[in-house]
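Asker: A predicted structure for the sequence below; I have some questions about it.
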Amino acid sequence: AQTVTQSQPEMSVQEAETVTLSCTYDTSESDYYLFWYKQPPSRQMILVIRQEAYKQQNATENRFSVNFQKAAKSFSLKISDSQLGDAAMYFCAYRRASSGTYKYIFGTGTRLKVLA
Amino acid sequence: ETGVTQTPRHLVMGMTNKKSLKCEQHLGHNAMYWYKQSAKKPLELMFVYNFKEQTENNSVPSRFSPECPNSSHLFLHLHTLQPEDSALYLCASSQDTGPRYFGPGTRLTVT
């Protein structure tokens, strides 16, 4: 069975600094997708970034980028130039690449605090 | 706002009550989801509907009954719940396989 582990329940970062949130996963599949979701306090969860396992290039979205290490089954999220609005719960998620698959496996989340 | 709305935002109910949660999206998405979010636990998928047809039922107890009358609306009917069912219930929608946009959730407390 696939699992997703986020070992950091809480992280803090100074405004304008860079922070990295870690995520590891376990799967026997060779093709899959990985995601980072952001859930701000009292606001709706949104998809931040996604990575296809068959792509070697790390995905980036503005200040958000990932470090995808397939052999190590590691998928960390780097937030550059942190802003107060980045404070949120961040969830890592995994999905098999099979078509018609709707089941995502989520981690327990990392709460990110941004210090002014 | 993501375009997915949920009502009510907060709900307190007794174990013998019957209530319903509502989710609505007008994004043109074909898939809608119910998730349960409990503190310090991973998000749990409950149900998935694709084009109004249920495609996933993640071994959810029968005291939770979903209904999807059309691709824009999703309900979760609740009856004879237990205190351990207290959680944040999230609805989501997507055009392809996987939740893209989430609603704000319904905070449910079972007394």
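Answerer: Everything's here; your move.
Asker: going forward, measure contacts between C-alpha atoms and count neighbours the same way
Answerer: OK.
Asker: could I get the pLDDT score of the residue lying closest to B:Gly98 once chain neighbours are set aside?
Answerer: Take B:Gly98 and drop its neighbours on the chain: the residue closest to it by C-alpha to C-alpha, 6 or more residues apart in numbering or on different chains is A:Tyr102, 5.1 Å away. We have a pLDDT of 72 for A:Tyr102.
Asker: surely A:Tyr102 touches B:Arg100?
Answerer: No. Proximity of A:Tyr102 to B:Arg100 does not meet the contact threshold set by C-alpha atoms under 8 Å, at 11.1 Å.
Asker: so what sits against both of these two?
Answerer: When C-alpha atoms under 8 Å, 6 or more residues apart in numbering or on different chains defines a contact, no residue borders A:Tyr102 and B:Arg100 alike.
Asker: those two - which one has more neighbours?
Answerer: Comparing A:Tyr102 with B:Arg100 by neighbour count (other C-alpha atoms under 10 Å in any protein chain shown), the higher total belongs to A:Tyr102, at 25 against 19.
Asker: tell me the confidence at A:Ser30?
Answerer: 88.
Asker: let me know how buried it is, in neighbour terms.
Answerer: Close neighbours of A:Ser30, defined as other C-alpha under 10 Å, add up to 10.
Asker: circling back: wait, a strand at the residue nearest to B:Gly98?
Answerer: No. Per DSSP: H, G, I helix; E, B strand; the rest coil, A:Tyr102 lies outside any strand segment and is coil.
Asker: quick one: mean pLDDT over the strand or helix carrying A:Tyr90.
Answerer: Under the criterion DSSP states H and E, the helix or strand holding A:Tyr90 is strand A:88-96. When the per-residue pLDDT values of strand A:88-96 are averaged, the result is 94.
Asker: just checking: what are the partner strands of it?
Answerer: Partner strands for strand A:88-96, per DSSP bridges, with pairing direction: strand A:32-39 (antiparallel), strand A:105-106 (antiparallel), strand A:110-115 (antiparallel).
Asker: ok, and what's touching that strand?
Answerer: Applying C-alpha under 8 Å, 6+ apart, the set of residues contacting strand A:88-96 from outside is A:4, A:6, A:23, A:25, A:29, A:31-41, A:101-113.
Asker: buried subset of those?
Answerer: Among the contacts of strand A:88-96, those buried by neighbour count (16 or more other C-alpha atoms under 10 Å in any protein chain shown) are A:4, A:6, A:23, A:25, A:33-40, A:102-113.
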